[in-house]
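[1] coords please:
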Amino acid sequence: MKIGILQTGLAPAELAAQSGEYPEMFADLLKGHGFDFASWAVVNGDFPSGPEAADGWLITGSRHGAYDDLPWIAPLEELIRGIVAQERPLVGVCFGHQIMAQALGGKVEKFKGGWSVGPTHYTFGTDTVTLNAWHQDQVTELPPGAKVIGHSDFCPFAALHYPGRAISVQPHPEYDDGFIKGLIDFRGRGVVPDEQLNAATGALGTPLDRAAMAAQFAHFFKTKELA
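    This is a model prediction of the structure:
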């Protein structure tokens, strides 16, 4: 099965040499599940020919906002609607989660309550899932037909399910602690309050459910159903 990765942001240069760019990080997260990967840097205007260019799709995170006036946002939204119309499985992460919601009729805003950074606990049904977060923007209005499957006190729409079509999550299962530490050092200072960055640094080492979320993504790609 070929998974097309739509790259909507660039990893910090200080981290990319070790971690790879976001498509490589997701390919590593999903290794062992039997997928082949292709990627398009839509952030640089590189788009696939259409939804049929891959069997399933994944949209990465980005430092940009879904509401930003950028030339690639509208074409990406159109591509998202095309993928959904063709019922090809679609997964979105962070910015991907947000742009999917916006493209399908929801709303995304810069959250007045500030940032979520580092290991964060989310409720998925009766389970607590811990993943690294790095965001201020949030989905604030649900698209028609979207179901909330994960939330936290800070982020009520942290994971969405579009039955038979898509799932998306606000946190970053592709981010390990080393990458979060790099974001704190190279992108966080002067943007996120120091007290919050220091707390996130202190929480590094908290066990993360990255493999479980990767398995959920893989299951959805293969079946278009939740695990």
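[2] number of nearby residues for Arg63?
    17 (other C-beta atoms under 10 Å). Just so you know, the C-beta spots here come from the backbone N, C-alpha and C atoms, and that holds for glycine as well.
[3] which SSE is the nearest residue to Pro207 once chain neighbours are set aside in?
    Excluding the flanking residues, the one nearest Pro207 by C-beta to C-beta, 6 or more residues apart in numbering is Thr130, at 6.6 Å. Thr130 belongs to strand 127-135 when assigned by DSSP states H and E.
[4] thought the residue nearest to Pro207 was touching Pro119?
    Yes. Using C-beta atoms under 8 Å, Thr130 is in contact with Pro119, at 5.8 Å.
[5] one step back: what's near enough to touch the residue nearest to Pro207?
    For Thr130, the contacting residues are Pro119, Thr120, His121, Tyr122, Thr206, Pro207, Leu208, Asp209, by C-beta atoms under 8 Å, 6 or more residues apart in numbering.
[6] mind listing the strands for the protein?
    Assigned by DSSP state E, the chain shows strands spanning 2-6, 36-40, 56-59, 90-93, 107-110, 116-124, 127-135, 137-141, 147-150, 159-162, 166-169.
[7] those strands: which one's closest to Lys222?
    Smallest distance to Lys222 across those (C-beta to C-beta): 8.5 Å, for strand 56-59.
[8] out of the contacts of Thr130, which end up buried?
    Pro119, Thr120, Tyr122, Leu208, Asp209 (16 or more other C-beta atoms under 10 Å).
[9] count the neighbours of the nearest residue to the second one once chain neighbours are set aside for me.
    Across the structure, with C-beta to C-beta, 6+ apart as the measure, the residue nearest Thr120 apart from its sequence neighbours is Ala133 (4.2 Å). When neighbours are defined as other C-beta under 10 Å, Ala133 has 24 of them.
[10] any idea what Ala133 is bridged to?
    Counting by DSSP bridges, Ala133 is bridged to Gly118.
[11] wait, isn't it in contact with His121?
    No. The pair Ala133 and His121 does not pass the contact test of C-beta under 8 Å, sitting 9.9 Å apart.
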